[in-house]
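**Q** fold the following and give me the result.
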Amino acid sequence: MSELYRQFHFRYCNNGHLIYSGSGPVTQNNCNKCGQPLLSNCGNCNAQIPSTFRSMVYLTNSQPIHFPRRPDFCVSCGQAYPWASLEELHNDRKDFWDIIHPSVEKAARKRLENGHYSDAVEAAMKALIVTVKTIYREKANEELDGVALMRKAFSPQRPTIILENQDSQIGRDIQQGYMDLFAGAIAGIRNPKAHDVIEIDEKRAIHHLFLASLLFYKLDERPK
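**A** Reported below is the predicted structural model:
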């Protein structure tokens, strides 16, 4: 299993895009998102721009969950950085979507960016249900839905969808834990939104989309 926290190196380009690395300093000279030069120092006083951060990592691929807050002004001289007049949220979202599972992005991105936060989460969870339902139906020749589907498909007693090798206690514990996560995501997140009008803010929606993404990635990693 990956470390819970890791240190990352990063640099910003003139447009404020964050380019990061988990294996050492960022050595490239130009942004791979817009082609602008990457900066290491303030253009006015030459003070070094912060270049490292620590973050909890996404368990399936060791990518950071949290990114540093981008400064608009140099703390040494007060000069504005080149990106200070740009909209921060657009760039932050690009970093966010870089590590979200493609199935979650496909289902939820337009809804989230249009401000329909609850709908974005519900769509992502529905996509997760459809994916699990399809795999389960092909293996078990049975139609189930919702929480019942998750508990039967991933049951550690007789799993239809095996997430880890079941020959060890660790594997059985992981199977049990993820069964609870799949079922809990449907019972505690998807079902209330499907049966009532529940409004959430963007931050909470992103938390839920990370969970859906984690579960999609775990499905991708299962033994074939």
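**Q** longest strand in this protein, by residue count?
**A** Among the segments of the chain that qualify as a strand by DSSP state E, the longest is strand 5-13.
**Q** pLDDT averaged over that strand - what is it?
**A** Average pLDDT, strand 5-13: 92.
**Q** direction included, what does it pair against?
**A** Here strand 5-13 has these sheet partners by DSSP bridges: strand 18-21 (antiparallel), strand 38-39 (antiparallel), strand 52-56 (antiparallel).
**Q** output the lowest mean pLDDT helix or strand found in this protein.
**A** The weakest-scoring helix or strand in the chain, judged by mean pLDDT, DSSP states H and E, is helix 88-98 (a mean of 60).
**Q** checking the most far-flung residue of the chain relative to its centre next. Helix, strand or coil?
**A** Distance from the C-alpha centroid of the chain, by C-alpha atoms, centre = their mean, peaks at C45 (36.5 Å). At C45 the chain is in coil, as set by DSSP: H, G, I helix; E, B strand; the rest coil.
**Q** do the same with the one 5 residues further on
**A** Classification of P50 using three-state DSSP returns coil.
**Q** tell me how far it lies from H17.
**A** 15 Å (C-beta to C-beta, to the nearest Å). From N, CA and C alone the C-beta is placed, and that goes for glycine too.
**Q** who's more crowded, these two?
**A** Between P50 and H17, H17 has the larger neighbour count (other C-beta atoms under 10 Å), namely 20 against 12.
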